[in-house]
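S.K.: quick one, fold the following:
(2 chains)
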Amino acid sequence: MKSELKIFNTLTREKETFVPVNPPHVGLYVCGPTVYGDPHLGHARPAITFDLLFRYLQHLHYKVRYVRNITDVGHLENDADEGEDKIAQKARLEQLEPMEVVQYYTERYHKYMDALNVKSPSIEPRASGHIIEQLAIVDSILQKGFAYESNGSVYFDVERYNREHKYGILSGRVLEDLYSTTRNLEGQSEKKNSFDFALWKKATPSHIMRWPSKYSDGFPGWHLECTAMSARYLGETFDIHGGGMDLLFPHHECEIAQSTIAHGHGPARYWMHNNMITINGQKMGKSLGNFITLEQFFTGSHKMLEKAWSPMTIRFFILQAHYRSTVDFSNEALLAAEKGLQRLMEGMAQLEKIKPGNVSEFDVESFKSKCYEALNDDLNSPILIAHLFDAVKAINSVAADKISLTADDISALSSTMHLFVEELLGLTPELKSETGSEMLDGVMNLVLKIRQQAKSNKDWATSDQIRDDLNALGIIVKDGKEGASWEIK
RNA sequence: GGUCGGUUGGCCGAGUGGCUAGGCAGCGGUCUGCAAAACCGCGUACGGCGGUUCGAAUCCGCCACCGACCUCCA
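M.R.: Sure, this is the predicted structure:
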């Protein structure tokens, strides 16, 4: 039941059974961030999507090498191959060495990915550390006649490529259409066609980030880094290439073209793309100025946020939608996610406390199979979560003495829940109180004991005062069959 | 304009040609000294118009609206 993972391959637009090139090894490459700004909600989506994939593949006993790059050079700010390098621009504006910018935002990115419980990839290579590999690919493509030099820069000849291979197989673009739809921008005279893309760019005198090459002192084109680094660490053919849908064209299309010339074939067998996060139905994007950083989410410091949202709430919110659907942000939706997550985590905690019975009235095996089926079906996390809630309902019913479960089944359910909730979905209980929990436990037990005594004496005034005052302090008292329990809001 | 995708009950969000998605919110009930929590039950939704079919939210066509990509963005 664990086998038969199906994933939607953008290349074929169909769900395909996943078969690795060299089992048990799996090569996974995901386009990482360009580190020139604080990580925002948009960064969380691919990170969490492919984190789930990474975790699941490992669970299936694949030996996964997960490469997620850090783009620290070559990503231009503006129009096609003419703008300022993003890192360089930020460095200029803040009067920093470009690598200071890179260092700072890389650390910020790591910090917030950790908070979201996103596992580190196996390798996190930087574009600037692979200039030699990138230049080798430039040479190779140039030698084979699919690129041309122009004023110290080297451009990929898309028209020539299209004559022998098909340009647009991933995105469904037709080159003829691009003639009319690609913008003709100022200063593109270096290129034969506007849709040609840079493999190597000659640096202007003011450009700080530059490396020597036989073409010019310059820097690599943006699309090249992924081709160079994926080939270096995963080989020229690897299993899965992932990224956001917005990278589908032109970035991934260009990668395929480069790779096809340099290596004789496209880089990956399966292409996976996560959809966008929207705010009020519109894509969240830097250029639109409507993005909310993760820090703002976690602290609530953004005018659109009604309150702070915890990392696990964000993670759960994202996992509650399928990765290929857009997910629309709103405070209301986040509140629903927060409460839902709480219910799930309380169910997990309740599971450790319930008492076994003689019979089982919840089919744990069938539940487990359904959970696997959900993930096997193109990582359908919302369906998985729906099944998890069915289990929570069963757990609560046992706690309420409505149904019963045998000790064996409780144990099996417990390991299944931990597997799917914590290990695979990566949802962990959040520490609500950081200090003095042992002492607090003792104090609370005392307080609740006194309240119980008051209740026994029908001294409702005292018992209610304890409850209400605790509530005002942020501690919720819950009365149950086995006595009262408490938790911090 | 071109290409692609979407339109599901108050909100979010799955989905298969006929069988309850799930969460949040709401309503009724059980439990409770009261409340909270928990449990039980309820709403009978699928953009519009046609078509295929015994039967369609699910297949086809047209229309409307929304979005993404076509320029950097996860």
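S.K.: tell me, how many residues neighbour A:Leu175?
M.R.: By other CB atoms under 10 Å, 17 other residues sit near A:Leu175. Yep, even glycine has a C-beta here, placed from its N, CA and C like the rest.
S.K.: A:Gly145 too?
M.R.: By other CB under 10 Å, neighbour count at A:Gly145 equals 11.
S.K.: which helix or strand contains it?
M.R.: Under DSSP states H and E, no helix or strand contains A:Gly145.
S.K.: contact partners for it?
M.R.: A:157, A:160 (CB atoms under 8 Å, 6 or more residues apart in numbering).
S.K.: A:Val64 against A:Pro24, yeah?
M.R.: No. Counting by CB atoms under 8 Å, A:Pro24 is not a contact partner of A:Val64; they are 9.2 Å apart.
S.K.: got the domain ranges for chain A?
M.R.: Structural domains annotated on chain A: A:6-274, A:279-424, A:437-488, as defined by automatic domain parsing.
S.K.: where does the stretch 301-450 of chain A dip in pLDDT?
M.R.: Along the stretch 301-450 of chain A, the model assigns pLDDT under 70 to residues A:431-437.
S.K.: spell out which parts of it neighbour RNA strand B.
M.R.: Proximity of the stretch 301-450 of chain A to RNA strand B, by CB under 7 Å from any atom of the strand, involves residues A:320-322, A:325-328, A:330, A:332-333, A:335-337, A:339-340, A:343, A:346, A:380, A:382-383, A:385-386, A:389-390, A:392-393, A:396-397, A:399-400, A:402.
S.K.: drop anything exposed from those residues.
M.R.: Neighbour counting by 16 or more other CB atoms under 10 Å classes A:320-322, A:327, A:337, A:340, A:346, A:380, A:383, A:385, A:392, A:396-397, A:399 among those as buried.
S.K.: show me the two of those residues that sit farthest apart.
M.R.: By the measure CB to CB, A:Val327 and A:Ala399 form the most distant pair in those, at 32.3 Å.
S.K.: how about A:Ile476: what's its closest non-neighbour residue?
M.R.: Closest residue in space to A:Ile476, ignoring its immediate chain neighbours: A:Glu487 at 5.6 Å, by CB to CB, 6 or more residues apart in numbering.
S.K.: same thing with A:His25?
M.R.: In space, A:His25 is closest to A:Lys63, 5.0 Å off (CB to CB, 6+ apart).
S.K.: surely the one you found and A:Gly27 touch.
M.R.: No. A:Lys63 is beyond contact range of A:Gly27, at 10.0 Å (criterion: CB under 8 Å).
S.K.: and those two? Which one has more around it.
M.R.: A:Gly27 (24 against 13).
S.K.: shouldn't the more buried one be within a strand?
M.R.: Yes. Counting by DSSP: H, G, I helix; E, B strand; the rest coil, A:Gly27 is found in a strand.
S.K.: so who does it touch?
M.R.: With CB under 8 Å, 6+ apart, A:Gly27 has these contacts: A:21, A:64-65, A:67, A:230, A:233-235, A:238-240.
S.K.: how about A:Ala394?
M.R.: Contacts of A:Ala394 by CB under 8 Å, 6+ apart are A:361-362, A:403, A:405, A:413.
S.K.: is RNA strand B within reach of the helix or strand harbouring A:Ala47?
M.R.: Assessed by DSSP H and E, A:Ala47 sits inside helix A:41-59. Yes. Counting by CB under 7 Å from any atom of the strand, contacts between helix A:41-59 and RNA strand B involve A:41-43, A:45-46.
S.K.: list phi and psi for A:Gly218.
M.R.: phi -170, psi -150 (degrees, to the nearest 10).
S.K.: tell me what it is bridged to.
M.R.: A:Lys202, A:Trp211 (DSSP bridges).
S.K.: next: A:Trp271.
M.R.: Bridge pairing for A:Trp271 - DSSP bridges - gives A:His241.
S.K.: test my guess that it contacts A:Asn9.
M.R.: Yes. The pair formed by A:Trp271 and A:Asn9 meets the contact definition of CB under 8 Å, at 6.1 Å.
S.K.: these two: which has the busier surroundings?
M.R.: Neighbour totals were compared for A:Trp271 and A:Asn9, and A:Trp271 leads with 22 against 19 (other CB under 10 Å).
S.K.: now the more buried one: how far from A:Glu373?
M.R.: Distance of A:Trp271 to A:Glu373, given as CB to CB, to the nearest Å: 24 Å.
S.K.: and A:Glu107, how many neighbours?
M.R.: 11.
S.K.: how about A:Ser122?
M.R.: A:Ser122 has 16 neighbours, counted by other CB under 10 Å.
S.K.: next one: it from A:Ala391, what distance?
M.R.: Counting by CB to CB, the gap from A:Ser122 to A:Ala391 is 32 Å.
S.K.: and for A:Phe291?
M.R.: 36 Å.
S.K.: okay, the two: which has more neighbours?
M.R.: Remark: of A:Phe291 and A:Ala391, A:Ala391 carries more neighbours, 24 against 21, as counted by other CB under 10 Å.
S.K.: great, nothing more from me.
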